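Asks: Quick one, fold the following:
(one chain, ligands or ions: 2)
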Amino acid sequence: MRLSQYFLPTLKENPSEAQIVSHRLMLRSGLVRQMSAGIYAWLPAGYRVLRNIERIVREEQDAAGAQEVLMPTIQSADLWRESERYDAYGPEMLRFKDRHDREMLYGPTNEEMITVIFRDGVKSYKELPKNLYHIQWKFRDEVRPRFGVMRGREFLMKDAYSFDLDKAGAIRAYNRMFVAYLRTFARMGLKAIPMRADTGPIGGDLSHEFIVLADTGESAVFCHKDLVDKDILGRTVDYGGDLQPLVDEWTSLYAATDDMHDAAAFESTVPAERRVAARGIEVGHIFYFGTKYSSKMNATVAGPNGEPVTVEMGSYGIGVSRLLGAIIEASHDAAGIIWPEAIAPFRVGLLNLKPDDGTVTKACVDIYAALQAKGTTVLYDDRDLRPGAKFADMDLVGVPWQLIVGPKGLAAGKIELKNRKTGERVELAPEAAIARLTG
Ligand SMILES: Nc1ncnc2c1ncn2[C@@H]1O[C@H](COP(=O)(O)OP(=O)(O)O)[C@@H](O)[C@H]1O
Ligand SMILES: [Mg+2]
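Replies: Numbers count the residues shown, from 1 in each chain. Ligands and ions are numbered 1, 2, ... in the order given. Have a look, this model is predicted:
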């Protein structure tokens with residue numbers, strides 16, 4: 001993408017409405033714009049990141065055996081009367097009527113709807129287990145929308161729902177999602193720690209929140225330091241096998257959010273120098289809740305002897321849009337965002353330091369074409385601006401690799417390759433730089 005043509009409205013000044021760094025940087029680097037309280041429009045670069053996050057979420061859900069569907073944002077109140085949650089839900093639910101005076105709502109979550117879909121479509125235990133998910137916008141009329149996309153009113157969520165014949169099956173489903181979540185967040189460059197959590201209004205008896213440690217997090221959290229350093233990506237995961245030992249490895253170390261924290265247990269099980277008391281951002285939340293919805297909504301399958309069995313369920317959420325904020329909180333410096341490669345809007349930023357110099361521009365155009373031919377995404381700064389402004393913008397936008405092309409270097413056959421994260425710069429021949437980035 002040529003920056004001269006791209007819609008990337010960066011801001012020089014810090015917007016006054018933004019209290020935390022991720023919100024400031026998302027506005028300044030032209031990723032989003034607020035349309036009304038807690039409701040955001042996604043601009044081209046922000047939308048690219050959002051889709052990259054979605055792609056990783058989707059790949060890991062699919063690998064864990066979940067199947068993607070797409071349910072509507074608008075739901076009928078009748079569905080929620082079946083589960084007796086319509087009156088219980090409160091003012092966070094956005095309710096309205098259609099022209100026929102039917103009560104409707106903008107879905108804050110989808111347990112009811114998926115239960116109806118399942119009930120209509122699955123008749124026998126032989127069709128179990130099933131796990132269905134979608135990535136869809138939710139609306140919750142939060143009292144205090146704040147911190148940009150971190151606590152919005154409209155936000156993008158991945159929500160999955162599992163259906164099993166018995167509790168043992170439901171725990172296996174829970175474990176598959178548990179491990180898929182560890183992998184999902186790790187692939188985004190995040191250290192997200194599963195912590196025992198309160199089951200809250202969804203109810204149930206087993207729940208973990210996946211928490212990214214950050215000073216600006218909304219929850220107080222407590223955990224064993226070893227959890228911060230644990231790595232899942234180096235491990236082989238067999239979703240067809242028994243995942244309990246792997247899950248136990250993570251859950252045997254102390255980790256709890258404020259609501260579930262037990263100070264005495266924390267102090268007796270974690271040595272003083274390994275205790276982490278910090279703040280955290282909830283990026284995912286998984287629940288096993290048994291037959292809470294299936295019994296009210298009569299979701300049964302024929303069991304092995306033909307008798308109806310009420311299915312065991314769980315639900316599994318990821319805050320897809322919140323993740324942008326969480327990742328920026330975890331990965332930025334004074335100059336701007338530092339995107340992990342897997343989700344960056346572009347992998348390479350190409351800086352033409354002298355666009356009116358034919359040789360420099362020819363070299364840039366060739367590099368641009370060569371990188372794109374190899375499938376690398378490039379943001380090419382071909383604008384007629386002084387170098388300082390280009391350096392500042394590219395650092396702000398946080399592209400992981402920068403290729404800096406100027407007349408002096410080029411005369412010596414060299415361009416500069418800069419790593420956004422480490423700041424490390426090396427001089428290379430253009431072909432060598434291309435090989436390095438595409439090898
Ligand atoms: N208002 C919001 N804005 C952005 N993301 C949200 C919001 N509320 C929830 N999420 C994300 O969706 C995930 C699943 O939501 P859930 O656990 O049902 O919500 P809550 O924790 O508010 O009860 C959360 O882990 C979080 O990452
Ligand atoms: Mg939650």
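Asks: Tell me which stretches of the chain form helices.
Replies: Using DSSP state H, the helices of the chain run over 21-28, 44-63, 77-82, 111-121, 167-187, 225-229, 244-251, 263-269, 292-296, 320-330, 358-373, 387-397, 407-411, 430-438.
Asks: Please identify the deepest-packed of those.
Replies: Mean neighbours per residue, mean count of other CB atoms under 10 Å, is largest over these for helix 320-330, with a mean of 26. Just so you know, the C-beta spots here come from the backbone N, C-alpha and C atoms, and that holds for glycine as well.
Asks: could you check whether that one is close to ligand 1?
Replies: Yes - Helix 320-330 reaches ligand 1 (CB under 6 Å from any ligand atom) through 321-322.
Asks: for that helix, packing partners?
Replies: Judged by 3 or more CB pairs under 8 Å, 6 or more residues apart in numbering; DSSP states H and E, helix 320-330 is in contact with helix 21-28, helix 44-63, strand 154-164, strand 206-213, strand 275-290.
Asks: what is the orientation angle of the third one with helix 167-187?
Replies: What it means is strand 154-164. Calculated by axes from the mean of the first three to the mean of the last three CA atoms, to 10 degrees, strand 154-164 forms an angle of 140 degrees with helix 167-187.
Asks: What strands flank strand 154-164, and is each parallel or antiparallel?
Replies: strand 130-139 (antiparallel), strand 312-319 (antiparallel) (DSSP bridges).
Asks: Say whether ligand 1 is contacted by it.
Replies: Yes - counting by CB under 6 Å from any ligand atom, contacts between strand 154-164 and ligand 1 involve 155, 157.
Asks: any idea how far the closest residue to ligand 1 within the chain lies from Ala192?
Replies: Per CB to the nearest ligand atom, Gly319 is where the chain lies closest to ligand 1, at 2.2 Å. Per CB to CB, to the nearest Å, Gly319 is found 11 Å from Ala192.
Asks: Asp198 too?
Replies: The gap separating Asp198 from Ala192 is 18 Å, by CB to CB.
Asks: taking the strands paired with strand 154-164 together, which one is wrapped up most tightly?
Replies: strand 312-319 (a mean of 26).
Asks: from the chain's centre, how far out does that one sit?
Replies: 15 Å (CA atoms, centre = their mean, to the nearest Å).
Asks: quick one: His25 and His332 touch, right?
Replies: In this structure residue 25 is Leu, not His. Yes - the pair Leu25 and His332 passes the contact test of CB atoms under 8 Å, sitting 6.0 Å apart.
Asks: Ligand 1 contacts on the chain?
Replies: Counting by CB under 6 Å from any ligand atom, the chain sits next to ligand 1 at 109, 140, 142, 151-152, 155, 157, 200, 282-285, 317, 319, 321-322.
Asks: 5 Å instead, please
Replies: Contact residues, the chain versus ligand 1 (CB under 5 Å from any ligand atom): 151-152, 155, 157, 282-283, 285, 317, 319, 322.
Asks: Bridged to Val2, which residues?
Replies: For the record, residue 2 is Arg, not Val. For Arg2, the residues forming beta bridges with it (DSSP bridges) are Tyr380.
Asks: any weak-confidence spans in the stretch 101-250 of the chain?
Replies: Counting by pLDDT under 70, the ranges of the stretch 101-250 of the chain that qualify are 199-205.
Asks: go with 80
Replies: Scanning the stretch 101-250 of the chain for pLDDT under 80 picks out 198-205.
Asks: OK, contacts around Asp162?
Replies: Small correction: residue 162 is Ser, not Asp. By CB atoms under 8 Å, 6 or more residues apart in numbering, the residues touching Ser162 are 66, 129-131, 170, 173-174, 177, 313-316.
Asks: For it, list each beta-bridge partner.
Replies: Applying DSSP bridges to Ser162 gives these bridge partners: Asn131, Gly314.
Asks: Quickly note the distance from it to Asp87.
Replies: In terms of CB to CB, Ser162 sits 27 Å off from Asp87.
Asks: Likewise for Gln75?
Replies: Separation of Gln75 from Asp87 (CB to CB): 15 Å.
Asks: More neighbours: those two, which one.
Replies: Legend: neighbour count by other CB atoms under 10 Å for Gln75 and Asp87, higher for Gln75 (19 against 9).
Asks: So the more buried one is in contact with Glu111, correct?
Replies: No - here Gln75 does not reach Glu111: they are 10.8 Å apart, not a contact under CB under 8 Å.
Asks: what sits up against stretch 237-247?
Replies: 63-65, 171-172, 175-176, 178-179, 183, 235.
Asks: If we only consider those, which is nearest to Ile338?
Replies: Nearest to Ile338 among the contacts of stretch 237-247: Arg183, at 21.7 Å, using CB to CB.
Asks: For the residue nearest to Leu79 when sequence neighbours are not counted, give me its contacts.
Replies: In space, and not counting its chain neighbours, Leu79 is closest to Glu112: 4.3 Å by CB to CB, 6 or more residues apart in numbering. For Glu112, the contact set (CB under 8 Å, 6+ apart) comprises 75, 79-80, 82-83, 85, 293, 297.
Asks: ok now stretch 279-295, how far from the chain's centre?
Replies: With CA atoms, centre = their mean as the basis, stretch 279-295 stands 17 Å off its chain's centre.
Asks: let me fix that: stretch 376-388
Replies: That offset, for stretch 376-388, works out to 28 Å (CA atoms, centre = their mean).
Asks: May I see the buried residues of that stretch?
Replies: With burial defined by 16 or more other CB atoms under 10 Å, the residues of stretch 376-388 counted as buried are 376, 378-383, 385.
Asks: Ok, stretch 417-427 next?
Replies: Buried residues in stretch 417-427 (16+ other CB under 10 Å): 417-418, 420-421.
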